[in-house]
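Enquirer: Model the structure of this input:
(one chain, ligands or ions: 1)
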Amino acid sequence: MNQSEFIWQNGEFVAWDDAKVHVLTHGLHYGTGVFEGIRCYDTERGPAIFRNLDHLDRLERSAKLYYMELPYSAQQLRAATHELITRNDLRSCYIRPIAFRGYGQMGLNPLDSPIDVAIAAWEWGAYLGEQGKVDGVRAKVSSWERISPRSLIPHAKASGQYLNSVLAKIESLKAGYDEAILLDEHGHVCEGSGENIYVVRDGVIITPPQTASILDGISRRSVLQIARDLGYATLERDMARAELYSADEVFLTGTAAELVPVREIDDQAIGSGKPGEITRVLQNAFDDALHGRSERYREWLDVVDVREWASA
Ligand SMILES: Cc1ncc(COP(=O)(O)O)c(C=O)c1O
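Expert: Sure, this is the predicted structure:
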């Protein structure tokens, strides 16, 4: 991976190689951590973090769901991120804030373990590949069911929960696909291993509702708003597996992947087998918003004042 110079760890900037944890860190054993994935883009106004406070708000909500009180406020984490980007001299990067139960007590009761917080930022290209964004990716419906709200908390972005995504991802890669699509226990479509999913049918953009076992994606909220602003009809409702195969278009959204067309699912071509028109329009409009080329969504960007931080 593209290393940066510094990582922010518990209030200090430390060298990348010195950002360490003890092997008996609670979160390492039991997955007791919550995190975010955020992107910063090189815009005309400077490095700009996409919906930073919305991500930090989700981090706080994920923490609460796992009985973790974060020792830093969202504003403190925001400031630390701005300083980190400045110190690392980054223009565009991926940002990974994480809060986890640290070293202290072993055993399943995490409540006496300290809460450690770190933020890393590094240059990271298109998660599903540049070619995938252009031509579309091939996906496989996973044999692994998406985590259920009866056993975990699909709406939290928590470390241990990602074992579910990891299994689905490995399965899809080993079978020769780019990404996995997970269903819930009723067979309804949930999402990709790290992206929300949409089908387009007869001009309507359909995506599983927030009450489904999905992560309430920040790219999802953004792309739905852009779609509505462009005059497209959107529908948030349960989605049957068959709707994937009979869709005119399918696409995925996520911070790491951005907006990626799906050209094939389980070896069935989607539509013409090429990214569809609505997917293309939304991809371009979303790209404009991310890169600060859209006046309308200007307030989604949290611009890093590099000069101010450099002199701080
Ligand atoms: C399971 C899962 N679903 C959906 C998403 C998309 O969420 P966002 O757009 O906030 O990155 C992600 C990525 O964080 C994810 O891990």
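Enquirer: make it CA atoms for all contacts and neighbour counts henceforth
Expert: OK.
Enquirer: residues contacting Arg101?
Expert: 25-27, 32-33, 110, 113-116 (CA atoms under 8 Å, 6 or more residues apart in numbering).
Enquirer: which of these are buried?
Expert: The neighbour count (16 or more other CA atoms under 10 Å) marks 25-27, 32-33, 110, 113-116 as buried among the contacts of Arg101.
Enquirer: circling back: pick out whichever of the contacts of Arg101 sits closest to Tyr127.
Expert: In terms of CA to CA, no member of these lies closer to Tyr127 than Gly33, at 22.3 Å.
Enquirer: The ligand contacts on the protein?
Expert: 37, 193-196, 215, 217-220, 253-255 (CA under 6 Å from any ligand atom).
Enquirer: any chance of these in JSON lines, with neighbour count, pLDDT and secondary structure too?
Expert: JSON lines is the format used below for the residues of the chain next to the ligand (neighbours: other CA atoms under 10 Å; pLDDT from 0 to 100; DSSP: H, G, I helix; E, B strand; the rest coil):
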{"residue": "Gly37", "neighbour count": "18", "pLDDT": "98", "secondary structure": "coil"}
{"residue": "Ser193", "neighbour count": "21", "pLDDT": "98", "secondary structure": "coil"}
{"residue": "Gly194", "neighbour count": "23", "pLDDT": "98", "secondary structure": "coil"}
{"residue": "Glu195", "neighbour count": "26", "pLDDT": "98", "secondary structure": "coil"}
{"residue": "Asn196", "neighbour count": "23", "pLDDT": "98", "secondary structure": "strand"}
{"residue": "Leu215", "neighbour count": "19", "pLDDT": "98", "secondary structure": "coil"}
{"residue": "Gly217", "neighbour count": "19", "pLDDT": "98", "secondary structure": "coil"}
{"residue": "Ile218", "neighbour count": "20", "pLDDT": "98", "secondary structure": "helix"}
{"residue": "Ser219", "neighbour count": "23", "pLDDT": "98", "secondary structure": "helix"}
{"residue": "Arg220", "neighbour count": "22", "pLDDT": "98", "secondary structure": "helix"}
{"residue": "Thr253", "neighbour count": "26", "pLDDT": "98", "secondary structure": "strand"}
{"residue": "Gly254", "neighbour count": "20", "pLDDT": "98", "secondary structure": "strand"}
{"residue": "Thr255", "neighbour count": "20", "pLDDT": "98", "secondary structure": "coil"}
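Enquirer: follow-up on the earlier one: out of the contacts of Arg101, which are inside strands?
Expert: 33, 115-116 (DSSP state E).
Enquirer: got JSON lines for the residues you listed, with pLDDT and distance to Ser62 too?
Expert: Below are the ones in strands among the contacts of Arg101 laid out as JSON lines (pLDDT from 0 to 100; distance: CA to CA, whole Å):
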{"residue": "Gly33", "pLDDT": "98", "distance to Ser62": "9"}
{"residue": "Ile115", "pLDDT": "98", "distance to Ser62": "14"}
{"residue": "Asp116", "pLDDT": "98", "distance to Ser62": "15"}
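Enquirer: Relative to Pro154, which of those is nearest.
Expert: Nearest member of those to Pro154, counting by CA to CA, is Gly33, at 14.2 Å.
Enquirer: Can you name the residues that contact the closest one?
Expert: Applying CA under 8 Å, 6+ apart, the residues contacting Gly33 are 27, 63, 98-101, 158-160.
Enquirer: Over to Asp116?
Expert: Asp116 touches 9-10, 99-102, counting by CA under 8 Å, 6+ apart.
Enquirer: Now list the buried members of the residues you listed.
Expert: The buried subset of those (16+ other CA under 10 Å) comprises 9, 99-102.
Enquirer: Redo these as CSV? Include secondary structure.
Expert: Compiled in CSV, the buried ones among the contacts of Asp116 are given as follows (DSSP: H, G, I helix; E, B strand; the rest coil):
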residue, secondary structure
Gln9, strand
Ala99, strand
Phe100, strand
Arg101, strand
Gly102, coil
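Enquirer: need the strands for the stretch 51-200 of the chain, in chain order.
Expert: Ranges of strands within the stretch 51-200 of the chain are 93-101, 115-122, 137-141, 179-183, 189-192, 196-201, based on DSSP state E, counting those that start in this stretch.
Enquirer: Now the residue nearest to Gly276 when sequence neighbours are not counted: phi and psi?
Expert: Excluding its sequence neighbours, the residue lying closest to Gly276 (CA to CA, 6 or more residues apart in numbering) is Glu249, at 5.5 Å. Main-chain torsions, Glu249, degrees, to the nearest 10: phi -150, psi 150.
Enquirer: give me the beta-bridge partners of Val199?
Expert: Counting by DSSP bridges, Val199 is bridged to Ile206, Val250.
Enquirer: gap between it and Leu77?
Expert: In this view, Val199 and Leu77 are 36 Å apart by CA to CA, to the nearest Å.
Enquirer: In terms of neighbours, single out the busier of those two.
Expert: Higher neighbour count among Val199 and Leu77: Val199, with 25 against 21, using other CA atoms under 10 Å.
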